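*Asks:* Starting from these lines, generate the structure:
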Amino acid sequence: MPDLLPILTSLAWPIALAVAWLAGEFGQRFTGLPRISFYGLVGFALGSTQAGVLPAPDAGPVALLADIAFGLILFELGYRINLRWLRTNPWIGAGGLAGALLTFVAVFLVALAFGTSQLVALMMAALSMGTSPATVVRIINEQRSSGQVTERVLHLTAMNCVLAIFAFNAIVGFWIFHTFDALGDALWQSLVMLAGSALVGAVFGVAVPALLRAIGNPDRDATVAFALSVLLLVAICDAGALSPYVATLAFGLAARHRRIAFSHAQRNFGALGELLTVLLFVYAASTLDWRQLAIGSALGLAVIAVLLGAGTKVLGATAFAYKSGISWRKGALTGIGLAPLSVFVILLIEHARQAGVHVPEELRAMAAVTMLLEVFGPIIIQRALVWAREAPENPHAA
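*Replies:* Just a heads-up that it's a prediction; the model follows:
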């Protein structure tokens, strides 16, 4: 009789994905809540430190697939960014920058008040500036939302991601230099890696459209070519210790301005993207530990209070709303739509850990507590889009 343990172990991920998908479909049908909220809950419940169904996270093939899934989302986000619009109306970017800086300062002060070291407080503040592109892009596509608030949330999400990644890696580089007195490693982590990642992504953004034009039917073949290119780009970054997140976002930005059409019918990259989205949210939530959730609950809830209660991103977006051409109300709704950060924070911390960077316990606890935003973040942006009248009130209509 064959040993059942290896068989069950090999089936763990397929079973978890099937359970998460079913939970998302039935959960959305009966509650009206976004599907990704249920994907995250299933991943957390089945994680190695909870039910123990899924193995402990490592740098194996599932982690690479999660990076590919996140890369597809970042590519799509980058592809939908119009840099000319931001240059024409700089007040949009000013509002996003003001909200990110307010968030950085507020979270830094809150973390210090809880007794964390200055370095850890800086790391937490940097991560808090970000917005989860996985949540934002998924909900906007699922709701088929369009309008001023939708476009501003997309553009400011991309900007917040760049700011958060740059600040986090710069602080990690400083930590490496401070701890090991290794200037070369510090510069690599903070500057060279980010610049190299952006350069590789930009090269893909020029080369792939040129290849599609050479094939002769770029519009028909674009979606598959872009998906394969993201897969290759993430694999190159994984092998070369670069940031797949910066690279895929730069790829999307560059490809957008090469005039190659990304089919609206293939938003989320079709069935492939749907499947990888389930894997992404299940994997990210499975890396969390309920013990860290308990230990860091007070600090994590204080950070969430800054993001939601104090509304630092809302203040920034609202302050420049009138100058950027929209009402105060739509400016506030834009800021509300920038609240989700869970998957972004979890993956960035996990990526740093796998790269050999020491991740303080406070950051792990913060990642665990942002599981709350895994559930509520999608609901928050969904309601913001509905209140802006850019998405249907009935989720079944989407």
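*Asks:* Quick one: distance of the helix or strand hosting Ala384 to the chain centre.
*Replies:* Ala384 belongs to helix 371-387 when assigned by DSSP states H and E. Relative to the centre of its chain, helix 371-387 is centred 14 Å away, using Cα atoms, centre = their mean, to the nearest Å.
*Asks:* do the same with stretch 35-51
*Replies:* 17 Å.
*Asks:* Then stretch 332-341?
*Replies:* For stretch 332-341, the distance to the chain centre is 14 Å (Cα atoms, centre = their mean).
*Asks:* go on, stretch 135-145?
*Replies:* That offset, for stretch 135-145, works out to 13 Å (Cα atoms, centre = their mean).
*Asks:* So which residues make contact with it?
*Replies:* Applying Cβ atoms under 8 Å, 6 or more residues apart in numbering, the contact partners of stretch 135-145 are 34-36, 73, 76-77, 150, 153-154, 157, 267-268, 277, 337, 340, 342-343, 377-378, 381-382, 385, 390-392, 395, 398. Placement of C-beta: from N, CA and C, glycine included.
*Asks:* In ChimeraX, how would I select the buried members of those?
*Replies:* Buried residues within the contacts of stretch 135-145, by 16 or more other Cβ atoms under 10 Å, are selected in ChimeraX with:
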select :34,35,36,73,76,77,150,153,154,157,267,268,277,337,340,342,343,377,378,381,382,385,390,391,395,398
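*Asks:* looking at it, Leu299 is touching Met366, isn't it?
*Replies:* Yes. Here Leu299 reaches Met366: they are 6.8 Å apart, a contact under Cβ atoms under 8 Å.
*Asks:* If you count surrounding residues, which of these two has more?
*Replies:* Under the criterion of other Cβ atoms under 10 Å, the comparison of Leu299 against Met366 puts Met366 first, with 28 against 20.
*Asks:* Before we move on, what's the pLDDT of the more buried one?
*Replies:* Met366 carries a pLDDT value of 72.
*Asks:* Number the chain from 328, please
*Replies:* Sure thing, new numbering starts at 328, so read that last one as Met693.
*Asks:* Distance of it relative to Leu539?
*Replies:* Met693 is 42 Å from Leu539, where distance means Cβ to Cβ, to the nearest Å.
*Asks:* ok, now Leu349?
*Replies:* Going from Leu349 to Leu539 by Cβ to Cβ gives 37 Å.
*Asks:* returning to that earlier point: grab the CA positions of the helix holding Ala711 and hand them over as CSV.
*Replies:* In CSV, the C-alpha atoms belonging to helix 698-714 read as follows (Å, rounded to 0.1, in the frame of the first residue of the first chain):
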residue,chain,number,x,y,z
MET,A,698,-4.7,40.2,7.2
LEU,A,699,-7.6,42.3,8.5
LEU,A,700,-7.2,44.5,5.4
GLU,A,701,-7.2,41.3,3.3
VAL,A,702,-10.8,41.0,4.3
PHE,A,703,-11.9,44.6,4.6
GLY,A,704,-9.6,46.3,2.0
PRO,A,705,-11.5,44.9,-1.0
ILE,A,706,-14.8,45.9,0.6
ILE,A,707,-13.5,49.5,1.2
ILE,A,708,-12.4,50.1,-2.4
GLN,A,709,-15.6,48.4,-3.7
ARG,A,710,-17.7,50.8,-1.7
ALA,A,711,-15.6,53.8,-2.7
LEU,A,712,-16.2,53.0,-6.4
VAL,A,713,-20.0,52.5,-5.8
TRP,A,714,-20.2,55.8,-3.9
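*Asks:* just checking, what packs against that helix?
*Replies:* helix 362-373, helix 460-470, helix 475-507, helix 597-613, helix 624-631, helix 655-664, helix 669-681 (3 or more Cβ pairs under 8 Å, 6 or more residues apart in numbering; DSSP states H and E).
*Asks:* Buried ones in the third one, by neighbour count?
*Replies:* It refers to helix 475-507. Result for helix 475-507 [16+ other Cβ under 10 Å]: buried residues 475-504.
*Asks:* repeat for stretch 375-395
*Replies:* Quick answer for stretch 375-395 (16+ other Cβ under 10 Å): Ser375, Thr376, Gln377, Val380, Leu381, Pro384, Val389, Ala390, Leu392, Ala393, Asp394, Ile395.
*Asks:* can you pull the contacts of the residue nearest to Pro460 when sequence neighbours are not counted?
*Replies:* Closest residue to Pro460 apart from its sequence neighbours, by Cβ to Cβ, 6 or more residues apart in numbering: Leu404 at 4.7 Å. Counting by Cβ under 8 Å, 6+ apart, Leu404 makes contact with Pro460, Val463, Val464, Leu481, Thr484, Ala485, Cys488, Leu576, Gly579.
*Asks:* Give me the nearest residue to the fourth one, chain neighbours excluded.
*Replies:* With Cβ to Cβ, 6+ apart as the criterion, Leu481 has its nearest non-adjacent residue at 5.4 Å, and that residue is Arg407.
*Asks:* what about the one you found, distance to Ala566?
*Replies:* From Arg407 across to Ala566, the span is 28 Å (Cβ to Cβ).
*Asks:* between those two, which one's more packed in?
*Replies:* Set Arg407 next to Ala566 and count neighbours by other Cβ under 10 Å: Arg407 wins out with 20 against 8.
*Asks:* Dihedrals phi and psi, that one?
*Replies:* Torsion angles at Arg407 (phi, psi; degrees, to the nearest 10) stand at phi -90, psi 0.
*Asks:* ok, the closest residue to Ser654 other than its chain neighbours - how many residues close by?
*Replies:* Nearest non-adjacent residue to Ser654, counting by Cβ to Cβ, 6+ apart: Ala648, 6.6 Å away. Residues within reach of Ala648, counting by other Cβ under 10 Å, total 23.
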